[in-house]
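In: For reference, the sequence and a predicted model appear below.
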Amino acid sequence: MLLTKSCMERLRRGWKELMPILAAHHLHHYRCHHCCVGKSRRLVFSQVFQPMNFEEGRVPGQESKSGELTCKSQRLMLQAGLIHPGSPGCFSYMPYTVRAIDKLIRVIDKEMAAIGGQKLNMPSLSAAELWRKSERWGLMGSELFRLTDRHSKEYCLGPTHEETVTDLIASQGSLSYKQLPLLLYQITRKFRDEPKPRFGLLRSREFYMKDMYTFDASEEAAHLTYDLVCDAYSRLFHSLGLPFVKVQADTGNIGGEKSHEFQVPASIGEDRLLVCSSCTFSTNVEALSAVQKECPECRNALIETKGIEIGHTFYLGTKYSSVFKALFLNDQNKLVIAEMGCYGLGVTRILAAAIEVLSTEDSIRWPTIIAPFQACLIPPKKGSKEESAAALMENLYDDLDSLPHMKGETILDDRTHLTIGKRVKDADKLGYPYVIIAGKKALEDPSFFEVRCQNTAEVVFLTREGVIDLLRNVQTV
């Protein structure tokens, strides 16, 4: 169809009149879209996958048989929706838990970097031939998850990686003594076929572990490295605020000539410890050659307690390096067998042990530095007299999120259909170090927010500036 000149002119005039309207509409849509995007960037509770179930007496996903006791950390983690059981000893970790694990890994990485550790990642599948070479294929027995591939080659899912890392070093040819000490570590999932998985993440079949393997030029140097790593472990546990004791330990099927465990004293602990109240001597009962009731150093009585093992160190000597021919050239250009050590941290076990010993019977308490979120903000209930203070809470969120170390550390409980009391109760159970509430005092001039410091049980009322100053000093990773 052909248009006349008059029709074309009318269309042009109409288009000129329509353009400003369309432009204004587009600008309004652009502003609305970006406003919504800005708001959606706030971390809000309703959008986090956190399947809580705090019903009185109910433990969701309970694996235990009727009448069998469940430890506090397992019960609290299940009720808070931090973990969800799959098969026995295997769990899904929910977003809050992953955040805590990631933070714990960053703390570990920092300590390992400080002593010269280098991070790598080795395969979970480990060839049976390596384990046969070290004679541990039979020694480990049913603890190994074993499998056979389509070519009839045997493997195991690695519970530890002494064989793999020593074979890796041996494959590089002869190292120079100038490259030593070599401290290699990884943080990966490990697998052990526990005969009776229990206590949630404290004794599971699949778990996260940090394992480090060191290579030194001499026995003397290896002992110095051993002490260096032990000191780093102590600093780590101090930074988490965990009560711990370093005890002499049995070398077990790892082998070697010296071993220590880092234990968190706890009534549900599966290790029996003997601790001297007069000196620094402490030991795992398994490390004693005979029943011993007095300290070999000061002859005072030993006190028995229970503990949860969260770290283990071994001086291996040449147990593995001699088998796999992990050699280096010394300062006289002669080939020498490397001296080794291995060091483990149970990452998910540290998390569970911390919850076990720091929490109350009803509420989780995290080591502050690895809490999933540092602060939970609770605005007024919708339709309440204080509802107008909701905007103050959103502004406070933005202020806190602008602090470099608090970026992503604040969550807004936007379930405003619930009372403040209900949300405060949930926040208490989830264990945020700081819970900030916009109640009646938020309507005063100046506005005051109620701040609950969960780990100290303090309640204070602070202005916006006071809240910012308080959280400006919070240590994060």
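Out: Everything's here; your move. What you are looking at is a predicted structure, and each value in this text was computed from that prediction instead of being measured. Numbers count the residues shown, from 1 in each chain.

In: only C-alpha atoms for contact and neighbour calcs from this point on.
Out: Noted.

In: Could you list the low-pLDDT ranges of this structure?
Out: 1-40, 55-69, 289-293 (pLDDT under 70).

In: Per the annotation, how does it divide into domains?
Out: 72-358, 373-472 (automatic domain parsing).

In: Can I get those domains in TSV including mean neighbour count and distance to R365?
Out: Putting these into TSV (neighbours: other CA atoms under 10 Å; distance: least, CA to CA, whole Å) gives the following:
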stretch	mean neighbour count	distance to R365
domain 72-358	18	6
domain 373-472	18	5
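
In: Compile those into CSV and extend it with columns for distance to Q50.
Out: Output for the domains of the chain, formatted as CSV (distance: least, CA to CA, whole Å):
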stretch, distance to Q50
domain 72-358, 6
domain 373-472, 10
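
In: Figure out which of those is closest to R42.
Out: With CA to CA as the criterion, R42 lies closest to domain 373-472 of the domains of the chain, at 7.4 Å.

In: Span of that closest one from start to end?
Out: 14 Å (CA to CA, to the nearest Å).

In: for the domains of the chain, which one sits closest to Q47?
Out: domain 373-472 (9.2 Å).

In: Let me see the contact set for the residue positioned nearest the centre of the chain.
Out: Closest to where the C-alpha atoms of the chain average out (CA atoms, centre = their mean) is I101, at 2.2 Å. Taking CA atoms under 8 Å, 6 or more residues apart in numbering, we find I101 in contact with 347-348, 351, 370.

In: Could you do F54 as well?
Out: 79-80.

In: Where is the longest strand in the chain?
Out: Looking across the chain with DSSP state E, the single longest strand is strand 302-317.

In: Quick check: next helix or strand after that one?
Out: Using DSSP states H and E, the helix or strand that follows strand 302-317 in sequence is helix 321-324.

In: And for the helix or strand just after that following helix, what's in contact with it?
Out: Proceeding N to C from helix 321-324, the next assigned helix or strand is strand 327-329, under DSSP H and E. Strand 327-329 has contacts (CA under 8 Å, 6+ apart) with 170, 173-177, 217, 321, 334-338.

In: Apply 7 Å and report the result again.
Out: The contact list for strand 327-329 (CA atoms under 7 Å, 6 or more residues apart in numbering) reads 170, 174-177, 335-338.

In: where exactly do the strands run in the stretch 201-350 of the chain?
Out: 206-216, 245-248, 258-265, 271-276, 282-284, 302-317, 327-329, 335-337, 339-346 (DSSP state E, counting those that start in this stretch).

In: Out of those strands, flag the one nearest S359.
Out: strand 258-265 (13.9 Å).

In: CA atoms of that closest one as CSV?
Out: The C-alpha trace of strand 258-265 is given here as CSV (Å, rounded to 0.1, in the frame of the first residue of the first chain):
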residue,chain,number,x,y,z
LYS,A,258,56.4,-38.6,66.4
SER,A,259,52.8,-37.5,66.5
HIS,A,260,50.6,-35.0,68.3
GLU,A,261,46.9,-34.4,68.3
PHE,A,262,45.0,-31.1,68.8
GLN,A,263,42.0,-31.9,70.9
VAL,A,264,38.9,-29.9,72.0
PRO,A,265,37.8,-31.2,75.4
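
In: by how many degrees do it and strand 302-317 diverge?
Out: Computed with axes from the mean of the first three to the mean of the last three CA atoms, to 10 degrees, the direction of strand 258-265 lies at 140 degrees from that of strand 302-317.

In: Start the count at 18 instead of 1 going forward.
Out: Okay, using 18 as the starting number, the last item reads as strand 275-282.

In: Strand 275-282 pairs with which strands, parallel or anti?
Out: In the sheet, strand 275-282 lines up against strand 262-265 (antiparallel), strand 319-334 (antiparallel) (DSSP bridges).

In: Export those strands as TSV, with columns for distance to Q96.
Out: Putting those into TSV (distance: least, CA to CA, whole Å) gives the following:
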stretch	distance to Q96
strand 262-265	30
strand 319-334	22
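
In: Compare the ones you listed and give me the one nearest M69.
Out: Closest among the strands paired with strand 275-282, using CA to CA: strand 319-334, at 26.6 Å.

In: contacting residues around the closest one?
Out: 243, 268, 272-284, 286-293, 310-312, 356-363, 366-367, 370.

In: how far away is the residue lying closest to I100 once chain neighbours are set aside from A117?
Out: Spatial nearest neighbour of I100, chain neighbours left out: Y110 (4.8 Å); criterion: CA to CA, 6 or more residues apart in numbering. To A117, Y110 is 10 Å away according to CA to CA.

In: Over to L161?
Out: 28 Å.
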